[in-house]
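J.: When you get a sec, could you give me coordinates for this:
(chains A and B)
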Amino acid sequence: MSAPVFITAAAISAELHQAMLEARGLALTAKNARALAVRAGSRTVGFRAITDFIEELASTIIRQSQNINVLAEHLSQQAVNAWRADMASKHFDWVCTQNSRYQNSLTVSINECKAKQLALSIELQKGISLLTDQLEESRKQIRTANLIATSSHVEASSAGEFRRQLEVIADTIRATAGQIGAHLTKANALLSQSNKGRRA
Amino acid sequence: MLATTLYEDGDHRWIMFGRDPKKPQGIIDTNQYLIQSGKHTMLLDPGGIELFAPMLSSVLKFAPADQITHLFASHQDPDIISSLGLWDQALPDAKLYSPWLWEGFIRHFGMERIEYCGIPDEGMTITLGNIQLQFIPAHYLHSSGNFHVWDPKAQILMSGDVGAALEENDAPLWVDSMERHAPKMRKFHQRWMPSNEAKLDWIRRVRGLDINIMAPQHGRLFKPPFVHEFLDWFEALPVGTAIRS
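T.: The predicted structure follows:
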């Protein structure tokens, strides 16, 4: 049985929070790389250009993670509202089997509840689809980060005595990108699991 | 859920709900009450979320949803009012009367449509259909903001946790001997009620009422002479005992 959407969305929000913290680390790595490239002078011109990309990439990932976080939290709240409406609806259905004298007086509330359920379900589906798109967008950024890490390695090889330090920076970029990628993969898996559960 | 008519005079009646044999295990048994007058109905301490469906079904045997215009919560506990979020979706036009003190807390149970009417500390009188109901202060018995409901026409006092006993589901409805019933109430009152001063203040107020039925939220109900026997017993009982243990 898959977890309710409000739990999944909260778990996705937690994964994205971790990804955002990793991306902050990436921004710091970019700053270190820039300082090192300045010290290394003309031998690391190519690397200096790359640090700009890394910084931009880090801030993009931070921004996207924050957006996804907000979306996931909103989705979680919507899912709680939907769960409440579902619960009320189930209780009303049960009451309707009990043949109470005035059970027809519930009709208006039942109809309002069903309409609310439907509206929330549509909104939830839209939110999930938006979340899927945003996660995919973030994954594209991670693929870019991996390409940058490879280019950084190439640039580091011509940096003379700074080679080792620049290689460490390139490795850090790759490792951080890997960690962010892992959080995104987990978030994606949670989302598809939840989607399957909703369809089942 | 068992429904018992406590009082009926024309369109004015009191119904008690409780002793639900299908109640989930592990939650304490509660008494819920309905007061009806004309086209208005009030539910007193409508209960926890677990009891919502059987309670709604039972209530709809006596009143249509649009005539359930008033809810009353004596205090903020979950067995009193955690069903609020569901009543909120069932009742199109209702007001909740509850201590002003608890508004921000009770709203955590979920409330979009129902209007919160905070009862001031000194209590108040409202009109329900053709009758008047009084909210009698019962602060610190046991909650720091707490009220009971007095219906002077039916001479019924809904006394919340005062007079309560935690018994089996199939316990009789009425107290038939204070000697046998008192041991079932002693620990509950000594532990849940924190203040002897508050207890004496409440007893002073309640002695001035001509009570025909005292109806607590748990356990058996009291009729004369047991109402006065209870007041004497409660007056002599030291409460707030946990701090001395």
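J.: Contact residues of chain B facing chain A?
T.: When proximity is defined by Cβ under 8 Å from any Cβ of the partner chain, chain B lies next to chain A at B:52-53, B:56-58, B:60-67, B:85-86, B:89-92, B:110. (C-beta placed from N, C-alpha, C; glycine too.)
J.: again, 6 Å this time
T.: B:52-53, B:56-57, B:60-61, B:64-66, B:86, B:89-90 (Cβ under 6 Å from any Cβ of the partner chain).
J.: Please tell me I have it right and A:E167 contacts A:A156.
T.: Yes - between A:E167 and A:A156 there is a contact at 4.7 Å, judged by Cβ atoms under 6 Å.
J.: and those two? which has more neighbours close in?
T.: A:A156 (24 against 16; other Cβ atoms under 10 Å in any protein chain shown).
J.: what pLDDT does that one get?
T.: In the prediction, the pLDDT value recorded for A:A156 is 80.
J.: How many residues are close by residue 131?
T.: You didn't pick a chain, so chain A it is. Around A:L131 there are 24 residues (other Cβ under 10 Å).
J.: Hmm, no, I was thinking of chain B.
T.: A count of nearby residues for B:I131, using other Cβ under 10 Å, gives 20.
J.: is it in a bridge, and if so with what?
T.: B:L128 (DSSP bridges).
J.: That one and chain A: what is the separation?
T.: 21 Å (Cβ to the nearest Cβ, to the nearest Å).
J.: Around chain B, pick out the residues from chain A.
T.: So chain A meets chain B at A:88, A:91, A:94-95, A:98, A:100-103, A:105-106, A:109, A:113 (Cβ under 6 Å from any Cβ).
J.: Just the pLDDT at residue 197, thanks.
T.: As the question left the chain open, I've gone with chain A. Looking at A:G197, its pLDDT reads 69.
J.: meant chain B, my bad for not saying
T.: For B:E197, pLDDT reads 97.
J.: What number of residues are in the vicinity of the closest residue to B:L86 other than its chain neighbours?
T.: Excluding its sequence neighbours, the residue lying closest to B:L86 (Cβ to Cβ, 6 or more residues apart in numbering or on different chains) is B:F52, at 4.6 Å. B:F52 is flanked by 23 other residues according to other Cβ under 10 Å.
J.: With the one 5 residues further on instead?
T.: A count of neighbours around B:S57, defined by other Cβ under 10 Å, yields 21.
J.: what are the phi and psi angles of it?
T.: Dihedral pair for B:S57: phi -60, psi -40, per degrees, to the nearest 10.
J.: tell me the contacts of it?
T.: A:95, A:98, A:100 (Cβ atoms under 6 Å, 6 or more residues apart in numbering or on different chains).
J.: Produce a ChimeraX select command limited to the buried residues of those.
T.: Typed into ChimeraX, the line below selects the buried ones among the contacts of B:S57, using 16 or more other Cβ atoms under 10 Å in any protein chain shown:
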select /A:95,100
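J.: quick check, nearest of the contacts of B:S57 to B:I80?
T.: A:V95 (21.1 Å; Cβ to Cβ).
J.: So which residue of chain A lies furthest out from the middle?
T.: Centroid-distance maximum for chain A: A:R101 at 50.9 Å, with Cα atoms, centre = their mean.
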